[in-house]
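[1] when you get a sec, could you give me coordinates for this:
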Amino acid sequence: MSRPPDVIEQNVDVAVIGGGPAGLMAAETAAAAGKSVAVFEKMPTFGRKFLMAGRGGLNLTHSEDFERFVQRYGARAQTLRPLLEAFTPADLVAWAEGLGQPTFVGASGRVFPKAMKASPLLRAWLARLEGLGVSLRTRAEWTGWTPDGGVLINGDEVVRAKTVILALGGASWAKLGSDAAWIPALEGQGAEVAPFRAANCGFDVAWSDLFRERFAGEPLKNVALKHGEAIARGDAMVAGYGLEGGAVYALAASLRDAIEAEGRAVVEIDLRPDIPVETLERRLLSPRGGQSLANFLRKAVKLSPVEVNILREAHGLELPTEPAALAAAIKAAPIALTAVQPLERAISAAGGVRFEGLDGLALKSRPDVILAGEMLDWEAPTGGYLLQACFATGVAAGKAALGRLA
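    Take a look at the predicted model:
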C-alpha cells in the first residue's frame with residue numbers, strides 16, 4: 001500500500017483564493033503594504049474570464065458622471081457606493097496606465113485599453129505581483145478548511161493564513177472557473193447566499209417562423225428599449241430564440257424580475273429614438289404612390305428590412321397607413337418576452353453572498369474570511385460596470401485584510 005502524501009504547510013499573512021481581477025487586486029493591495037501574500041487559482045492560468053472579456057475589446061470601465069455610474073448597480077447602488085468611491089473609474093484608468101497600458105474613451109463613453117486586449121495588461125499585472133513578492137499558484141484548488149481553520153489546497157496542502165480573501169467568482173462561464181461550487185462550504189460557515197440567476201442575458205420571443213428564418217442574427221442599431229419607467233439606448237440583436245445585446249442587457253434585471261413574477265415582460269422598442277414622433281409623422285405624409293409599404297418606410301424614415309418586420313411582429317402584418325398611427329407604431333413597438341435564457345448562456349450572474357450576512361466584506365461568523373468580486377450579491381449591466389466593481393471590491397477586500405492584520 002502506498003502511504004498518504006505528506007501534508008505540505010505554507011504560512012502567509014494573506015491567502016487569496018481566486019485569480020481573477022478581484023482576487024489579483026486584493027493581492028496587490030495587501031502586498032503593496034508589505035504583507036506576505038499567496039494567490040491560489042484552480043485553473044491552469046490566471047484571469048481566464050478576464051481574458052475572455054478582452055476578446056471584445058476589454059471594456060474596463062465607463063467615463064460617465066459618477067452619480068449616474070453608481071446607479072447602474074440598481075438595488076446594490078448604495079451598498080457599493082463607498083467601495084466605488086474608494087476606487088473610482090479614474091483610479092482604474094490610472095492603475096491600467098501605470099502598468100503601461102494607455103486607455104481611451106470610446107464614442108459610447110466606455111473606457112478601453114488602446115491595445116484592445118486583456119493579455120498585455122494581465123502579463124504586466126502578474127509581473128508586478130511577482131515583483132511585490134506575491135506567490136502565484138495555478139492548478140491549486142481550494143477544497144475547504146481543516147478542523148483547526150487552515151486553508152486546504154488540493155486536498156493535501158494546508159495554508160496557514162492570518163486572513164483569507166475569497167474571490168471565487170459567480171455562476172456564469174463555469175468552464176472558465178466560475179461554477180459556484182463554493183456555495184456549500186460558505187453556507188457551512190454561516191454565509192447567506194442568494195440563489196444565482198442569469199444577468200446580462202437574452203430573452204425568448206415567440207417570433208413568427210418567417211421572421212426567425214429571415215432575420216436571426218440581424219442587428220437593431222441605435223434603438224431605445226423601454227420597460228416600465230426604465231429606458232436603455234443602444235444596439236440589440238435579433239436571435240433565433242429572441243432578443244439579446246447591450247440595450248437588452250441594460251434592462252435585464254427588471255425584465256427578468258417581471259418574467260419571474262408575471263410569466264412575461266413587454267419591452268417597447270423605439271426604432272427612431274432621435275426623431276420626435278411629430279417629425280416622423282410629417283415625413284410619412286409624403287405621397288406613397290405605388291410603392292410597397294416596406295419601400296416607402298425605407299425611403300421616408302430609412303427603416304431597414306429587419307426594422308419593418310419588427311413592426312409587423314409587434315403590431316401585426318397589416319400596419320397602419322395613417323401617418324400619425326404609423327409614426328406612433330415606429331416609436332413604440334411592443335415585443336413580448338416569454339422566458340429568460342439559461343444561466344449558462346448569461347454574460348454574468350445575479351445573486352451570491354448577501355451583504356446582510358457580512359461585516360463590511362468579512363463573514364460575521366468568520367471575520368478572518370473576507371469576500372470580493374462576483375461571489376458577492378450584486379449585478380450590473382455590461383459597459384464597464386462589471387469589471388469596475390470587481391476591481392473595487394478587490395481593493396476593499398485587500399484593505400480589509402490589512403485592517404485585520406493591523
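[2] helix, strand, or coil at the closest residue to residue 291 other than its chain neighbours?
    Leaving aside its chain neighbours, residue 291 sits nearest to residue 299 (7.4 Å; criterion: Cβ to Cβ, 6 or more residues apart in numbering). Glycine gets a C-beta too; all of them are placed from N, C-alpha and C. Under DSSP: H, G, I helix; E, B strand; the rest coil, residue 299 falls in the helix class.
[3] tell me how many other residues surround residue 299.
    Applying other Cβ atoms under 10 Å, we find 13 residues neighbouring residue 299.
[4] residue 186 and residue 192 touch, don't they?
    No. Between residue 186 and residue 192 there is no contact under Cβ atoms under 8 Å: 9.2 Å.
[5] okay, and the common contacts of those two?
    residue 353 (Cβ atoms under 8 Å, 6 or more residues apart in numbering).
[6] which of the two has more neighbours?
    More neighbours surround residue 186 than the other of residue 186 and residue 192, with 23 against 16 (other Cβ under 10 Å).
[7] surely the more buried one is in a helix?
    Yes. Counting by three-state DSSP, residue 186 is located in a helix.
[8] and it, what pLDDT?
    With respect to pLDDT, residue 186 has a value of 93.
[9] what do you get for the one 5 residues further on?
    What the model reports as pLDDT for residue 191 is 93.
[10] ok, the nearest residue in space to it that is not next to it in sequence - contacts?
    Excluding its sequence neighbours, the residue lying closest to residue 191 (Cβ to Cβ, 6+ apart) is residue 353, at 5.1 Å. By Cβ under 8 Å, 6+ apart, residue 353 lies in contact with 186, 191, 192, 193, 194, 371, 375, 376, 377.
[11] partners of the fourth one in the sheet?
    Note on residue 193: beta-bridge partners by DSSP bridges are residue 353.
[12] residue contacts, it?
    Taking Cβ under 8 Å, 6+ apart as the definition, contacts of residue 193 comprise 183, 186, 187, 351, 352, 353, 354, 377.
[13] which parts of the stretch 1-150 of the chain are helices?
    21-32, 48-54, 66-71, 77-86, 89-98, 119-131 (DSSP state H, counting those that start in this stretch).
[14] got the angle between the longest one and helix 89-98?
    With axes from the mean of the first three to the mean of the last three Cα atoms, to 10 degrees as the basis, helix 119-131 and helix 89-98 are set at 80 degrees to each other.
[15] so where's this protein uncertain?
    1-9 (pLDDT under 70).
[16] so where's the longest helix in it?
    Ranked by residue count, the top helix of the chain under DSSP state H comes out as helix 385-405.
[17] tell me if residue 158 really is in a strand.
    Yes. The assignment for residue 158 is a strand, going by three-state DSSP.
[18] and it, how many neighbours?
    17.
[19] so for it, what's the nearest residue that isn't a sequence neighbour?
    residue 150 is the one closest to residue 158 (Cβ to Cβ, 6+ apart), at 4.2 Å.
[20] look up how far residue 142 lies from that neighbour.
    Distance, residue 150 to residue 142, by Cβ to Cβ, to the nearest Å: 11 Å.
[21] residue 33 now?
    Distance from residue 33 to residue 142, by Cβ to Cβ: 23 Å.
[22] more neighbours: those two, which one.
    Remark: of residue 33 and residue 142, residue 142 carries more neighbours, 22 against 17, as counted by other Cβ under 10 Å.
[23] circling back: could the contacts of residue 353 go into CSV alongside distance to residue 344?
    Shown next, in CSV, are those (distance: Cβ to Cβ, whole Å):
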residue, distance to residue 344
186, 21
191, 23
192, 24
193, 19
194, 18
371, 23
375, 17
376, 21
377, 20
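[24] let me know the closest of these to residue 283.
    When the contacts of residue 353 are compared for distance to residue 283 (Cβ to Cβ), residue 377 wins out at 47.9 Å.
[25] what are the boundaries of the strands in the stretch 301-406 of the chain?
    Using DSSP state E, counting those that start in this stretch, the strands of the stretch 301-406 of the chain run over 333-337, 339-340, 348-353, 358-359, 362-363, 369-371.
[26] could you pull up phi and psi at residue 203?
    phi -130, psi 150 (degrees, to the nearest 10).
[27] where's the closest residue to it other than its chain neighbours relative to residue 328, distance?
    Distances taken as Cβ to Cβ, 6+ apart put residue 337 closest to residue 203, at 4.0 Å, once the chain neighbours are dropped. Plainly put, residue 337 is 21 Å away from residue 328 if you go by Cβ to Cβ.
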